[in-house]
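**Q** Below is the structure, and that's it, no one-letter string:
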DNA sequence: TCGGTTTTCCCAATTTTTCCCACTTCTGCA
DNA sequence: TGCAGAAGTGGGAAAAATTGGGAAAACCGA
């Protein structure tokens, strides 16, 4: 179960140093690669490769002639790439994914249960401000009785 | 049941000395870690790790394709981190959580039933001022008949 | 086939983190 | 009022991690 936030930097070669604490959970001790893909909120997703497979299968099962399916498939499957960490625990993020998420140097790495999200730092803070500034954050339907 | 307020300080390394009286209740005598996470009111929450689990499970159960769910998950799960107290009963609060809550040095540690809240002292006092200055604090819906 | 360019992998110095110890201050009790 | 124990506070050393660079290999085009 992935959780926690880390602010990290990409180096000049576009390499992203995965936070030490999550390397082993993410790669199952270095035995599996990870899959990077794109999310509609303009962030990237990181899955351990075995965890990505069922997700991809679900997306591929979307009715292919339904116009609502195509954008999802193009994003999630079209941008997906399988990568391994280098000896120093870094991921070489492709120029295409970097451009998509507006990632340049400063990045937030966010645990989200079964995957991690990678955000451009500035974009992450904008998204955060919207939640903390809005006086009454909206709860999703059916969850109005949620309490901490 | 956690209650009570303490004004405490972070040292130069970002370590927060948990008040002596709450150390044992929070860690169940040193046997369990604690979980720190973020709240939309720009304070931090502290749970005994076992008490956090059901809360996280509820958040993870939010409908994942509903746009109202994502910000909550990103805030509460995304910032969550499991920590242990050091030998002197201190928590090393990550730079990300400190930045989120605007915590620098002086903080308030507030009991809130099943968890504690950590506020930047200045921010806490602003929040208090708003409550005491506004002539008639608003009661939540369904609670209009509340009496002390 | 050869030269140039890009990519990949590895090494090493610096920086950061983590853990532990010691000193000072405070509190309670005699 | 003084002493003893506990708690708060700060510092330091060892270990680990980040970061940048550089050399070798692979790839592409001429």
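**A** Perfect, I can see it now. The shown structure was predicted, so the numbers you read here are calculated from the model rather than taken from an experiment. Numbering: from 1, shown residues only, chains lettered A, B, ... in the order given.

**Q** touching chain B at all, the helix or strand of chain A with the lowest mean pLDDT?
**A** When each helix and strand of chain A is scored by mean pLDDT, DSSP states H and E, helix A:69-72 comes last, with a mean of 84. No. Applying C-beta under 8 Å from any C-beta of the partner chain, one finds helix A:69-72 out of contact with chain B, separated by at least 10.2 Å. (Each C-beta comes from the backbone N, C-alpha and C, glycine too.)

**Q** Buried residues, stretch A:7-22. List them.
**A** A:8, A:10, A:14, A:15, A:16, A:17, A:18, A:19, A:22 (16 or more other C-beta atoms under 10 Å in any protein chain shown).

**Q** and it, how far apart are its ends?
**A** 13 Å (C-alpha to C-alpha, to the nearest Å).

**Q** as a whole number, average confidence for it?
**A** Mean per-residue pLDDT for stretch A:7-22: 95.

**Q** what about it, distance to the chain center?
**A** 14 Å (C-alpha atoms, centre = their mean, to the nearest Å).

**Q** wait, which of the buried residues of stretch A:7-22 is closest to DNA strand D?
**A** Distance to DNA strand D, by C-beta to the nearest atom of the strand, is smallest for residue A:17 among these, at 4.0 Å.

**Q** Provide the backbone phi and psi angles at the nearest residue to that closest one once chain neighbours are set aside.
**A** The spatial neighbour of residue A:17 that comes closest, neighbours along the chain excluded (C-beta to C-beta, 6 or more residues apart in numbering or on different chains), is residue A:90 at 4.9 Å. Per-residue torsions, residue A:90: phi -110, psi 150 (degrees, to the nearest 10).

**Q** Which neighbouring elements make contact with the helix or strand encompassing residue A:25?
**A** Residue A:25 is part of helix A:20-27 when elements are defined by DSSP states H and E. Secondary-structure packing of helix A:20-27 (3 or more C-beta pairs under 8 Å, 6 or more residues apart in numbering or on different chains; DSSP states H and E): strand A:43-48.

**Q** now the strand it packs on, how far from the centre of its chain.
**A** With C-alpha atoms, centre = their mean as the basis, strand A:43-48 stands 3 Å off its chain's centre.

**Q** ditto for stretch A:9-28
**A** Per C-alpha atoms, centre = their mean, the centroid offset for stretch A:9-28 relative to its chain is 13 Å.

**Q** And stretch A:51-65, by the same measure?
**A** Distance, centroid of stretch A:51-65 to centroid of chain: 17 Å (C-alpha atoms, centre = their mean).
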